[in-house]
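Colleague: Predicted model and sequence follow; I will ask about them next.
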Amino acid sequence: MEKIKVNLGENSHYIYIGRRIEEIGEIIRNGEFGEKFVILSDFNVYSIYGEKIKKSIGNVREIIIQPGERQKNFKTVLRIINKLAEFKINREDTVINLGGGIINDIGGFVSSIYKRGINYISIPTTLLAQVDASIGGKTGINLPFGKNLVGTFYQPTFILIDFQTLLTLPYRETKQGIAEIIKYGVIKNEKIFEKLERIKKDEINENLEFLIKESIKIKVDIVEKDEKERKGIREILNFGHTLGHGIEISDIKNFSHGDSVCLGMIGESYIGYKKGLCSREVYLRIKELGKKFRLLNSFEKINFERIIDFMKHDKKIKKEKVRFVLPERIGKVKIGVEIEDKEILKILKEIKNEKT
C-alpha cells in the first residue's frame, strides 16, 4: 500500500493506493468526516461493492443512479441534491463517490454546491477513474454543446484506490483507462509509453500497478503546480482531449471516452506532424499503440465539420481559437498551440487518406 499526499494547502488530501474497499471504515474513524455518510453509485457498481462499504462503516444511506454518460446533467444533479436534503445531510457529513469517472464528476459537483460544499470521498472503481478522473478536483456535467461545460474545482477529502476493483471489469472498460495512460506517456513519461509498447495486450493486468502509480504521480505533480488552471501548466493534461471531447459529445452513444481520447491523440499528433512539431514516427507510434490495445484508430466515420462545431464550445477555446496540446516527441509536448478552423479541417481531412 502506498499513501501519496496531494499538497494543495487547505485542500490537501491523501490518495491511498492499494487499500481495500473494506478498509474504508478504518480510515474514517477519527470523526472528521461527520456522522452521516451517503454512497453515490450506479446500479452496476453498487451491486458489487455497496454492501462492503456499508458493513465497514455502519450506518450509511445510498443514492443509486443509472450508469452512463447521459446521467451527467442537471436533472440527475437535482435528484441527488433532493435526496441529500431528504437524508438531512449537513455540511460536516460526507458523500462517498463509488464508481467510475461519471460518478466522480457528478458526485464531486453535487458535493461542491450542496450547502456550499460538503465532504466527499472518491473510491474510483475503473482504470480511467483511478488514473485520471478522480484526481485533481475537477467536477462537471455536460450540456448538449459539450462535455463538462458546467463544473467546479473541488477537492475530495481523500481517494481510495483498490486494485481489486479492476479485476471485475471487462476489457472494453479497461481500455478506456489505457487511453489516459498513453496520454501520460506522451506528455511526460517516455517510460510509461515504452512499457506499453513492450508488453503484450494480454499482459496489461500484470503491469497495471506500475502504470497506475506512475500516472497518478504525474497528475498529482501537475495539479499541485496549477490546481485551478490559472498558470497554463495544467493545460498539458488536455492532450487528445480537445479533438477527443468533440468526437465524444458529437455521438456519445457510439464513442466512448477512451476511444474518443485515442482518436483525439492520433488526430492531434497528426496535426503536430503536419505543423512540423514532431516527426511522422511519433504520430505512427501513438496510432499503433492505440491499435494494439484495441482502441479506435480509424476516422472513416468521423464528420470533421461537425466535430469542429462542437470544439468551438470547448472550455479550452481562447479568443475564438481552438488551442491544442501537440507532441514534440514521446514524453514532451507543446501547449497552447492555436490553429484556425480552416487549417484544422484541412489537416484532419488528410488523415482519412493516410496509408500506414
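Modeller: Noted; the coordinates are in hand. Residues are numbered from 1 along each chain as shown.

Colleague: Alpha carbons only: can I get the helix ranked longest in the chain in PDB?
Modeller: Identified as the longest helix of the chain according to DSSP state H is helix 204-225. Taking Å, rounded to 0.1, in the frame of the first residue of the first chain, the C-alpha atoms of helix 204-225 are listed here in PDB:
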ATOM      1  CA  ILE A 204      -1.800  -5.400 -19.200                       C
ATOM      2  CA  ASN A 205      -3.200  -6.600 -15.900                       C
ATOM      3  CA  GLU A 206       0.200  -7.700 -14.500                       C
ATOM      4  CA  ASN A 207       1.600  -4.200 -15.300                       C
ATOM      5  CA  LEU A 208      -1.300  -2.100 -14.000                       C
ATOM      6  CA  GLU A 209       0.100  -1.400 -10.600                       C
ATOM      7  CA  PHE A 210       3.200   0.300 -12.100                       C
ATOM      8  CA  LEU A 211       1.200   2.100 -14.700                       C
ATOM      9  CA  ILE A 212      -1.400   3.400 -12.200                       C
ATOM     10  CA  LYS A 213       1.200   4.600  -9.700                       C
ATOM     11  CA  GLU A 214       3.300   6.400 -12.400                       C
ATOM     12  CA  SER A 215       0.200   8.000 -13.900                       C
ATOM     13  CA  ILE A 216      -1.000   9.200 -10.600                       C
ATOM     14  CA  LYS A 217       2.400  10.800  -9.700                       C
ATOM     15  CA  ILE A 218       2.300  12.700 -13.000                       C
ATOM     16  CA  LYS A 219      -1.100  14.100 -12.500                       C
ATOM     17  CA  VAL A 220      -0.500  14.900  -8.800                       C
ATOM     18  CA  ASP A 221       2.600  16.900  -9.700                       C
ATOM     19  CA  ILE A 222       0.800  18.900 -12.400                       C
ATOM     20  CA  VAL A 223      -2.200  19.600 -10.200                       C
ATOM     21  CA  GLU A 224      -0.100  20.700  -7.300                       C
ATOM     22  CA  LYS A 225       1.600  23.300  -9.600                       C
END
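
Colleague: That helix: which residues count as buried?
Modeller: 204, 208, 211-220, 222-224 (16 or more other C-beta atoms under 10 Å). No exception for glycine: its C-beta is placed from N, CA and C like everyone else's.

Colleague: quick check, nearest of those to Val261?
Modeller: Nearest to Val261, judged by C-beta to C-beta, of these is Ser215 at 13.5 Å.
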